[in-house]
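In: build me a model from this:
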Amino acid sequence: IGLGIHGEAGMKQSPLMTAHEIAREMITTILNHGRMVVTSSDAADGVEAIVPMFEPKEELAILVNNLGGTSNFEMSILANSCVQILEKDYGCKVTRVLVGSFMTSFNMQGHAGFG
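Out: Below is the predicted model:
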């Protein structure tokens, strides 16, 4: 699951999964990775903390990138699964969905990325 732009290894290998299972795995990984925030209004004195990438009920935009070898139909199925999971399971509102080949690579048949 996952792949670098130059063919670098992804986060793990897995048996064949449904689009919904892949979407859930990607969203969980992104959520758990977190983001750094400063917990004080004064950045010089603030304490940095790792918090979840998004909170339930937030408005979100999602981007599903195609490295170049996956059909638009398949990418749309994956994006739809992402929207369903984010809205039903996390109570978020997806306000923008971007699906396409935003960053591509040669010889990447069958590979797609999510960000």
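In: is it true that N72 touches S101?
Out: No. If you go by CB atoms under 8 Å, N72 and S101 don't touch, sitting 9.1 Å apart. Any C-beta I mention is one placed from the backbone N, CA and C, and that applies to glycine too.
In: who's more crowded, those two?
Out: Shown here are N72 and S101; by other CB atoms under 10 Å, S101 has more neighbours (15 against 11).
In: got the contact list for that one?
Out: N65, N66, L67, G68 (CB atoms under 8 Å, 6 or more residues apart in numbering).
In: so which of the residues you listed is the closest to C82?
Out: Using CB to CB, N65 comes nearest to C82 of the contacts of S101, at 12.2 Å.
In: please name the bridge partners of that closest one.
Out: For N65, the beta-bridge assignment (DSSP bridges) gives partners G100, G113.
In: can you give me the pLDDT of it?
Out: pLDDT, N65: 89.
In: what's the burial count for it?
Out: Using other CB under 10 Å, N65 has 20 neighbouring residues.
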